[in-house]
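In: structure of the sequence below:
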Amino acid sequence: MAFLPVVWLAGCANNHGVALSKPETLFGLIEPYRVDVVQGNVVTQEFISQIQPGFGRMQVREILGTPLLTDVFHNDRWDYVFTIRRQGVPDQKRRVTVYFKNDAVDHFDSDPLPTEREFVASIDKDRSTEPGPANLTAAQIAALPTPSKAETDDQPKMPQGVARAYPPLEAASR
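Out: Residues are numbered from 1 along each chain as shown. Next up, the predicted model:
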């Protein structure tokens with residue numbers, strides 16, 4: 001008699017021919033929402049090229065930011081780790097390790113780093129299927145109101161220098 005529930009549950013696992021195609025789906029039909037996870041410091045080729053042997057810890061911190069990992073057992077080593085997990089975009093993980101000798105940069109090791117442009121392209125989702133101005137016809141675009149000069153002058157200007165602008169991780173609410 002105990003054998004009957006086991007056979008019944010085994011039959012339910014197949015769900016009438018619908019196989020479990022991916023472990024993160026529900027019966028191969030529904031894929032649950034995955035929260036975007038971004039951790040660490042974005043380090044690109046442009047930033048690492050600014051680091052020179054002999055730089056002090058403060059100079060490295062100004063260029064690369066505060067390290068994600070500092071180990072009390074390895075005081076002369078800073079680890080910069082960056083990970084990003086987003087739905088619809090391949091996961092990324094990069095690591096840069098800066099080694100110090102007498103509080104000055106001795107050398108550094110890193111995974112292959114992207115350029116700033118490559119990084120932005122890798123995190124930008126394909127939004128061509130989303131509704132919005134990109135899906136308008138030429139006549140609809142021509143009918144859109146254009147902002148006046150006064151409206152464009154009121155927009156805050158981006159500061160020059162270190163400031164970077166990345167595309168938003170979330171789509172703008174409509």
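
In: dump the residue contacts of residue 35.
Out: Residue 35 sits next to no residue when contact means C-beta atoms under 8 Å, 6 or more residues apart in numbering. Using the backbone N, CA and C atoms, a C-beta is placed for each residue, glycine as well.

In: tell me the SS of it?
Out: Look at residue 35: counting by DSSP: H, G, I helix; E, B strand; the rest coil, its state is coil.

In: any idea how far it lies from residue 166?
Out: 19 Å (C-beta to C-beta, to the nearest Å).

In: same question, residue 54
Out: 31 Å.

In: cool, residue 55 as well?
Out: Distance of residue 55 to residue 166, given as C-beta to C-beta: 26 Å.

In: so which of the two has more stuff around it?
Out: Using other C-beta atoms under 10 Å as the criterion, residue 55 and residue 166 rank with residue 55 on top: 17 against 11.

In: looking at it, that one is touching residue 104, isn't it?
Out: Yes. In this structure, residue 55 is within contact of residue 104 by C-beta atoms under 8 Å, at 6.6 Å.

In: what is the least confident helix or strand in this protein?
Out: Least confident helix or strand, the chain: helix 3-14 with a mean of 53, by mean pLDDT, DSSP states H and E.
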